[in-house]
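Colleague: Here's a sequence, model it:
(2 chains)
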Amino acid sequence: MSRSQRVELQDALVLHRRPYQNSSLLLEVYTPEFGRVGLVARGARRNKSPWRGLLQPFTPLLLSWTGRGELYSLIHAEESQAAFALHSQSLLCGFYLNELLMRLSEREDPLPELFSLYQQGLVQLSDHNPDTLEAVLRLFELRLLALLGYALVLPEPASLRADQRFAFDLERGEVFALSKAETTSFPLSYACVKTLLSAPFVLSDECKLPIKRLLRTLLNQHLGSKPLQSRALFRFGLGGKK
Amino acid sequence: MALLPELIDALRCLPGVGEKSARRMAFYLLERDRAGGVRLADLLQKAMQGIGHCQSCRTFTEADVCELCLNPRRSKKQLCVLEMPTDVMAIESATHYEGLYFVLMGHLSPLDGIGPAELGLDLLEQRLATDEIEELILATNPTVEGEATAFYISEMAKEQGIKVTRIAHGVPLGGELEFVDRGTLSHALAGRQEI
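Modeller: Predicted structure coming up:
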C-alpha cells in the first residue's frame, strides 16, 4: 500500500511498542480492517503527552493515522473501553499472545476474525482462572494456525470411536486414526482428539502435554529457527497448583 | 571523511541530537571552548573504559561494588528493585529509604529479546538466596511491562520465602480526581487503605 491513506478511529490493540528517537514510540498494533500496522506516535513519551499511559498493550483503543508506506503517523488515540485486567500469570500469557501475533501475522494483511480471536483470548485471560489459562492459550494457537491458513486437519467427529488410536503427521498437518498394526512416533489418545474438536477447550491433565507438544511442533514449523522469547517467562508454570 | 564532518556525525550518537544540534555543538567546542572539548574527550575515553556494572546491584560504577552497596549504615534487610539507575537517584533524593537497591537496567520485553537473563535476574536470585534480605520492594514502572517484570520477580522471591511488596500507584499529591486518568484512578481505588 504505497498510496497515502488516512484512517479514522479504527479499533486497535497494541502488540508491541518501543522507544523511538527522543520522545516518540514505535507501535505495532493489530486492527480488524488493516491487520497488523506499524505506527509512529510522535512525542508519546513526553511528560505532558495525552497518549502517555494510554498506548499500552491490552488497552482497547480507537486510533486514527495517516501517511504512506510501511510506517504511518498516529494522529489520534483514545481508549474505547477500560484496559483488559490482566495481571500476574494472565499478563505473561497476554505477552505470549502478542508475540505469536507479531511473529506469525503479516503487516497489513486484514483478518477481522483474527482480531476477534485475539480480543476473545484477552477476555478469557482476564478471568484469571488458573485452571483454564493453559486451555485458552492452546485454543488460541489452534485457531490462529487455522486463520493463517495452516489449519490442523482433524478426523470427522462422527467417525471417532473410543477404541481407536490416533497419530499426528507433521508433513500433512493431519491427525488421523491408526489401523491396528500401525505404529507412530507421535501418538494421540481418543480423549486428546476429542478435546481438539471441542470449543472451548477443557484440558484434562492427561491431554495437557500431548496437545501442547502437537501445537508447538506445528507452530515451530512456521516460526523458523528463532524460539518464542515469552516462553522463558513461564518458568514458574501456569495453573493454580503450586 | 574529514575530521569536522566526522565529529558532527559522532555527536549524533547522543540521544536527541540531530544534524543541526550536532553541528552547533561541534562549532561551539572548536570556536569557544577547546579546553572543555579536550576534557570531555578525555573523560569520555576514561568513562567508557572504566565504568562497568556493580557486581552486587548492577548500577553503573567504576569499582567492583558501588559505594551504596558498600555503605555499612544501609540496611541489608530491604532490597528495592528498580528499572534504571536514574530511578535510584530519584528514590535517593525523594525518600528516606535506607535499604539497598537492585537495578535491572530495563524491563522484561520478550519481543525485544530481553528476558530474565538479560536483566541479571540470576544474580538477583542468588542474592535472595545468600543475603539476609527480609523484604523485596518492587519499584518497577507502572506499565504493563513493568508489571510483568514485577510479577516474575515476585514469584522468584516467593519461592525462597521472602516477603514481597510493590510500591503504591495512585493519585498524585495535590492532584484532583477529576483530572486523573481512568487507569490510575481504578488502581488507586483498588489499592485503597484503611485509615
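Colleague: What count of nearby residues applies to the closest residue to A:L91 other than its chain neighbours?
Modeller: Counting by Cβ to Cβ, 6 or more residues apart in numbering or on different chains, A:L91 lies nearest to B:A148, which is 5.1 Å off, once chain neighbours are set aside. For every residue, glycine as well, the C-beta is placed using N, CA and C. The tally of other residues near B:A148 (other Cβ atoms under 10 Å in any protein chain shown) stands at 25.
Colleague: Could you double-check that B:A148 lies in contact with A:A232?
Modeller: No: the criterion here is Cβ atoms under 8 Å, and B:A148 misses it with A:A232 at 11.9 Å.
Colleague: what's the pLDDT at the residue nearest to A:L91?
Modeller: Predicted confidence (pLDDT) for B:A148: 92.
Colleague: Kindly report the same for A:A44.
Modeller: For A:A44, the model assigns a pLDDT of 89.
Colleague: Could you count how many residues lie near it?
Modeller: The number of residues packed near A:A44 is 24, by other Cβ under 10 Å.
Colleague: A:A177 now?
Modeller: 16.
Colleague: show me the contacts for it.
Modeller: By Cβ atoms under 8 Å, 6 or more residues apart in numbering or on different chains, the contact list for A:A177 reads A:P155, A:S159, A:Q164, A:R165, A:F166.
Colleague: Going by neighbour count, which of these comes out on top?
Modeller: With neighbours set by other Cβ under 10 Å, the maximum within those is found at A:F166, which has 21 neighbours.
Colleague: How about the contacts made by that residue?
Modeller: A:P155, A:V175, A:F176, A:A177, A:L178, A:P187, A:L188, A:S189, A:Y190, A:C192, A:V193.
Colleague: Among those, which one lies nearest to chain B?
Modeller: Taking Cβ to the nearest Cβ as the measure, A:C192 is the one of the contacts of A:F166 closest to chain B, at 28.3 Å.
Colleague: biggest strand in chain A, by residue count?
Modeller: Counting residues, the longest strand in chain A under DSSP state E turns out to be strand A:5-20.
Colleague: okay, now the closest residue to B:E19 other than its chain neighbours: neighbour count?
Modeller: Nearest residue to B:E19 in three dimensions, chain neighbours excluded: B:R12, at 6.9 Å (Cβ to Cβ, 6+ apart). Neighbour count of B:R12, defined by other Cβ under 10 Å: 15.
Colleague: Same question for B:D9.
Modeller: When neighbours are defined as other Cβ under 10 Å, B:D9 has 13 of them.
Colleague: Tell me which residue of chain A is furthest from the middle?
Modeller: Residue farthest from the centre of chain A, counting by Cα atoms, centre = their mean, is A:A181 at 38.4 Å.
Colleague: could you say what helices and strands the lowest-mean-pLDDT helix or strand in chain B packs with?
Modeller: Lowest by mean pLDDT, DSSP states H and E among the helices and strands of chain B is helix B:182-190, with a mean of 83. The helices and strands touching helix B:182-190, judged by 3 or more Cβ pairs under 8 Å, 6 or more residues apart in numbering or on different chains; DSSP states H and E, number zero.
Colleague: export that helix as PDB, just CAs?
Modeller: Output in PDB follows, covering the C-alpha atoms of helix B:182-190 (Å, rounded to 0.1, in the frame of the first residue of the first chain):
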ATOM      1  CA  ARG B 182      -9.000   6.100  34.300                       C
ATOM      2  CA  GLY B 183      -6.300   3.500  34.800                       C
ATOM      3  CA  THR B 184      -4.600   5.400  37.600                       C
ATOM      4  CA  LEU B 185      -7.900   6.100  39.300                       C
ATOM      5  CA  SER B 186      -9.000   2.500  39.200                       C
ATOM      6  CA  HIS B 187      -5.600   1.400  40.600                       C
ATOM      7  CA  ALA B 188      -5.900   4.000  43.300                       C
ATOM      8  CA  LEU B 189      -9.300   2.700  44.300                       C
ATOM      9  CA  ALA B 190      -8.300  -0.900  44.200                       C
END
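Colleague: mind checking how far it is from the chain centre?
Modeller: Relative to its chain's centre, helix B:182-190 lies at 25 Å (Cα atoms, centre = their mean, to the nearest Å).
Colleague: can you pull out the helices in chain B?
Modeller: Counting by DSSP state H, chain B has helices at residues B:3-11, B:19-32, B:34-50, B:67-70, B:85-94, B:121-130, B:144-159, B:182-190.
Colleague: hmm, back to that, can you pick out the most distant pair from the contacts of A:A177?
Modeller: A:S159 and A:R165 (13.8 Å; Cβ to Cβ).
Colleague: Tell me who's in contact with A:Q229.
Modeller: Taking Cβ under 8 Å, 6+ apart as the test, what A:Q229 contacts is A:E99, B:P110, B:L111, B:G113, B:G115.
Colleague: Try it again at 6 Å.
Modeller: Residues in contact with A:Q229 (Cβ atoms under 6 Å, 6 or more residues apart in numbering or on different chains) are B:P110, B:G113, B:G115.
Colleague: Nearest residue to it in space, please, no chain neighbours.
Modeller: B:P110 (3.6 Å).
Colleague: which residues are contacting stretch B:80-100?
Modeller: B:59-60, B:74-75, B:78-79, B:101-104, B:107, B:137-141.
Colleague: Buried residues of it, list them for me.
Modeller: B:C80, B:V81, B:L82, B:E83, B:M84, B:P85, B:D87, B:V88, B:I91, B:Y97, B:G99, B:L100 (16 or more other Cβ atoms under 10 Å in any protein chain shown).
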